[in-house]
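Colleague: build me a structure from this.
(one chain, ligands or ions: 1)
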Amino acid sequence: MKKTIFTAMGICLLMSACGNAPKKAETNSFVAENVAHAHQQLGNEIKVIEASGKVLNPVTIKADGTTHYCKYSDWRSGFFPGSIWYLYELTQDETLLPLAIKYTNNIEETKNLTWHHDVGFMVNCSFGNGLRIADVPGYKDIMIQTAHSLSTRFRPQAGVIQSWDVKGGWQAERGWECPVIIDNMMNLELLFEVTRLSGDSTFHHLALQHADRTLKEHFRPDGSCYHVIDYSLADGSVRHRHTAQGYAHESIWSRGQAWAIYGYTICYRYTKDKRYLDQALKTFHMMANHPNMPEDLVPYWDMLAPEIPNEPRDVSSASCIASALYEIAGFEELENAKEYKDYADRIMTSLASPAYRAEIGQNNNFLLMHSVGSIPHNAEVDKPLNYADYYFIEALKRKNDLEK
Ligand code: GLY
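Modeller: Okay, here's the model as predicted:
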């Protein structure tokens, strides 16, 4: 960690601007060992970034072996800053606070982005954590502005937030009018949170409409979900049930299932509407009981991919599901909550093993190996991904909280 780049005075000023540092989390040995590992590994990445003299945002490893750093407008831009926030919270290493703020502020322009839906991921993981952990001045307004930007994509005929524009890129070739992807459930957290922060219930109501229409249209009777539902802009009817990143329209793209489990868990957190928790659990049980689920509980990139068992795994799905399960395990009203924690613990044991967790200094300083971005787009196949790392660290935090 590059402690020397921050003067004691600078840190003090930041600490007083941002309120008190979080109380250091008491950690059990599994969590402590993994947090120490993450601290060292991401600390190495921080050294690389700081030595560059730029503010870089690492995402994955490119084909030539170098690190891919993204611009603020990339849907993955909030995960690295968010990981630094969680590390700060878990370690109370004060040198991380100004870095978390710097990497977060670097993507502030996201608040005005209206051409895709992922601003919830981007701003909630970064600014949202910064606000929660350190109450950084200005972050609340950035969250609110982002919610306004996301709301511009609400399409009242269908009662959904449109995920992708269809005027350009590969999306333009699919014949869609108003594509909504299951991933969009993850953006609702920002809307719920901004209503809580601002008292403006508009955002909460938009989120509910989106969640309810998605509940109706995205799921099959077995609890698995489609990736893309395309709606008519004229009358809101469903035009297509498709995939973009899965093996086939009727297959089970694993990260989509992870987004559904996590997304409906969020909806339950903010509403206590049992339909949402039931859907999260139904999708989870479909995955857990699927005959193609490997023994180590790290899913194939698609549970119906044709060459299983010779298909890539997707660690990002596993870490996202583990994090969601820890939240579910914390719902005291759930009688069998402990079963969900036990399952999440088994996933985490796999992810922390040498099969998936990189050694210090390896893997271009990412924590976890073996994720899949998109096989149909031949993008990031069997690579580290910053969101796999983010949900892994979040899961460590949630596991730690549960075990306190
Ligand atoms: N939200 C895009 C993905 O899951 O790959």
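
Colleague: low-confidence ranges, the stretch 201-350 of the chain, go.
Modeller: Scanning the stretch 201-350 of the chain for pLDDT under 70 picks out no residues.

Colleague: where do the helices sit along it?
Modeller: 202-217, 254-271, 274-288, 315-329, 337-351 (DSSP state H, counting those that start in this stretch).

Colleague: grab the nearest non-local neighbour of the residue in the stretch 101-250 of the chain positioned nearest to the ligand.
Modeller: Per C-beta to the nearest ligand atom, Asp183 is where the stretch 101-250 of the chain lies closest to the ligand, at 3.8 Å. Any C-beta I mention is one placed from the backbone N, CA and C, and that applies to glycine too. Spatial nearest neighbour of Asp183, chain neighbours left out: Trp259 (4.8 Å); criterion: C-beta to C-beta, 6 or more residues apart in numbering.

Colleague: is it true that that neighbour touches Cys320?
Modeller: Yes: with contact defined as C-beta atoms under 8 Å, Trp259 reaches Cys320; the gap is 7.1 Å.

Colleague: which positions in the stretch 301-404 of the chain make contact with the ligand?
Modeller: Gly373 (C-beta under 6 Å from any ligand atom).

Colleague: now the strands for the stretch 301-404 of the chain?
Modeller: 371-374, 379-383 (DSSP state E, counting those that start in this stretch).

Colleague: ok, the shortest one: who's next to it in the sheet?
Modeller: Sheet partners assigned to strand 371-374 using DSSP bridges are listed as strand 379-383 (antiparallel).

Colleague: what angle sits between the strand it pairs with and helix 315-329?
Modeller: 70 degrees (axes from the mean of the first three to the mean of the last three C-alpha atoms, to 10 degrees).

Colleague: pull out the buried residues from strand 379-383.
Modeller: Glu380, Lys383 (16 or more other C-beta atoms under 10 Å).

Colleague: can I get stretch 251-271 in PDB? Just the C-alpha atoms.
Modeller: The C-alpha trace of stretch 251-271 is given here as PDB (Å, rounded to 0.1, in the frame of the first residue of the first chain):
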ATOM      1  CA  SER A 251     -31.300 -22.100 -21.800                       C
ATOM      2  CA  ILE A 252     -30.300 -21.100 -18.300                       C
ATOM      3  CA  TRP A 253     -27.600 -18.400 -18.500                       C
ATOM      4  CA  SER A 254     -26.100 -18.600 -15.000                       C
ATOM      5  CA  ARG A 255     -25.300 -14.900 -14.400                       C
ATOM      6  CA  GLY A 256     -28.900 -14.000 -15.300                       C
ATOM      7  CA  GLN A 257     -30.100 -16.400 -12.600                       C
ATOM      8  CA  ALA A 258     -27.700 -14.700 -10.100                       C
ATOM      9  CA  TRP A 259     -29.000 -11.300 -11.000                       C
ATOM     10  CA  ALA A 260     -32.600 -12.600 -10.500                       C
ATOM     11  CA  ILE A 261     -31.800 -14.100  -7.100                       C
ATOM     12  CA  TYR A 262     -29.900 -11.000  -5.900                       C
ATOM     13  CA  GLY A 263     -32.300  -8.600  -7.500                       C
ATOM     14  CA  TYR A 264     -35.500 -10.000  -6.000                       C
ATOM     15  CA  THR A 265     -33.700 -10.300  -2.600                       C
ATOM     16  CA  ILE A 266     -33.200  -6.500  -2.800                       C
ATOM     17  CA  CYS A 267     -36.900  -6.000  -3.600                       C
ATOM     18  CA  TYR A 268     -37.800  -8.000  -0.600                       C
ATOM     19  CA  ARG A 269     -35.400  -6.000   1.600                       C
ATOM     20  CA  TYR A 270     -37.100  -2.700   0.700                       C
ATOM     21  CA  THR A 271     -40.700  -4.000   0.600                       C
END
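
Colleague: what's the offset of that stretch from the middle of its chain?
Modeller: Remark: stretch 251-271 is offset 11 Å from the chain centroid, using C-alpha atoms, centre = their mean, to the nearest Å.

Colleague: what do you get for stretch 42-54?
Modeller: 23 Å.

Colleague: now do the buried residues in that stretch.
Modeller: So for stretch 42-54, counting by 16+ other C-beta under 10 Å, buried means Leu42, Gly43, Asn44, Glu45, Ile46, Ile49, Glu50.

Colleague: surely Leu188 is in contact with Ala207?
Modeller: Yes: counting by C-beta under 8 Å, Leu188 touches Ala207, with 4.2 Å between them.

Colleague: any common contacting residues for the two?
Modeller: Cys267 (C-beta atoms under 8 Å, 6 or more residues apart in numbering).

Colleague: more neighbours: which of these two?
Modeller: More crowded of Leu188 and Ala207, by other C-beta atoms under 10 Å: Ala207, with 30 against 26.

Colleague: got the contact list for the more buried one?
Modeller: Leu188, Leu191, Phe192, Cys267, Tyr270.

Colleague: ditto for Gly82
Modeller: By C-beta under 8 Å, 6+ apart, the residues touching Gly82 are Cys125, Ser126, Gly128, Asn129, Tyr390, Glu394.

Colleague: and which of those residues is nearest to Ala344?
Modeller: If you rank those by distance to Ala344 using C-beta to C-beta, Glu394 comes first, at 11.5 Å.

Colleague: where's the closest one relative to the ligand, distance?
Modeller: Counting by C-beta to the nearest ligand atom, to the nearest Å, the separation of Glu394 from the ligand is 16 Å.

Colleague: how about Ser83?
Modeller: For Ser83, the distance to the ligand - C-beta to the nearest ligand atom - is 17 Å.

Colleague: my guess is that residue contacts Tyr390. True?
Modeller: Yes: Ser83 lies in contact with Tyr390 (C-beta under 8 Å); the separation is 5.0 Å.

Colleague: dihedrals phi and psi, Cys178?
Modeller: phi -140, psi 80 (degrees, to the nearest 10).

Colleague: so what touches the helix ranked longest in the chain?
Modeller: Ranked by residue count, the top helix of the chain under DSSP state H comes out as helix 29-52. Here helix 29-52 makes contact (C-beta under 8 Å, 6+ apart) with 1-2, 5, 27, 55-56, 58, 67, 83-84, 87, 90-91, 93, 99, 348-349, 352, 357-358, 360-361, 364-367, 389, 392-393, 396, 399-400, 403.

Colleague: please state the offset of that helix from the chain centre?
Modeller: On C-alpha atoms, centre = their mean, the centre of helix 29-52 falls 19 Å from the chain's centre.
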